[in-house]
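Participant: fold the following.
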Amino acid sequence: MQAKQFFEELPGKADPGRIAGVEHTFVFDIAGEGRWLVELHDGKLTVTEGSDADGDAIFSMSAETFDRITERKQNPMMAYMTGKVKVSGDVKAAMDLQKIL
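Facilitator: Presented below is the predicted three-dimensional model:
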């Protein structure tokens, strides 16, 4: 799945029960595809394409790695541990992302 399509569909797929109480911003920088800001606030998830804003945690990866993760063919933690995903910022916020996706 293309990153653009994934992020367009993400707000509709967010489970309000899982995101309740989570107050974070995440930036996804997907090489060759773009950059998206995902904000979780007051039980709502919003996505802004092309944002230059910083997030609590910033994830950088190739389009291929992103596709493999979203297709559940790649474990995100293993991708991070093997250097395929770079994370900067608040590591605790990055770990919270696992709870909601």
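Participant: shaky segments in the chain?
Facilitator: Regions of the chain meeting the criterion pLDDT under 70 cover residues 1, 99, 101.
Participant: how about the helices of it, start to end?
Facilitator: Along the chain, the stretches classed as helices by DSSP state H are 3-13, 16-19, 63-70, 76-81, 91-100.
Participant: how near is Ile19 to Thr82?
Facilitator: Taken as Cβ to Cβ, to the nearest Å, the spacing of Ile19 relative to Thr82 amounts to 28 Å. In short, each C-beta sits where N, CA and C put it, glycine included.
Participant: and those two? which has more neighbours close in?
Facilitator: Applying other Cβ atoms under 10 Å to Ile19 and Thr82 shows that Ile19 carries more neighbours, namely 20 against 11.
Participant: mind listing what that one touches?
Facilitator: Contact partners of Ile19, counting by Cβ atoms under 8 Å, 6 or more residues apart in numbering, are 40, 43-45, 100.
Participant: and of those residues, the nearest to Ser62?
Facilitator: Top of the list for closeness to Ser62, among these and by Cβ to Cβ, is Ile100 at 23.0 Å.
Participant: for the closest residue to His41 other than its chain neighbours, what are phi and psi?
Facilitator: Nearest-residue entry for His41: Glu23, 5.9 Å, with adjacent residues in sequence omitted and distances by Cβ to Cβ, 6 or more residues apart in numbering. Dihedral angles of Glu23 (phi, psi; degrees, to the nearest 10) stand at phi -120, psi 80.
Participant: for the most centrally placed residue in the chain, list each beta-bridge partner.
Facilitator: When the chain is reduced to its mean C-alpha position, the closest residue under Cα atoms, centre = their mean turns out to be Phe28, at 5.3 Å. Counting by DSSP bridges, Phe28 is bridged to Trp36, Phe59.
Participant: shouldn't it be in contact with Ala3?
Facilitator: Yes. Under the criterion of Cβ atoms under 8 Å, Phe28 is in contact with Ala3, at a separation of 7.4 Å.
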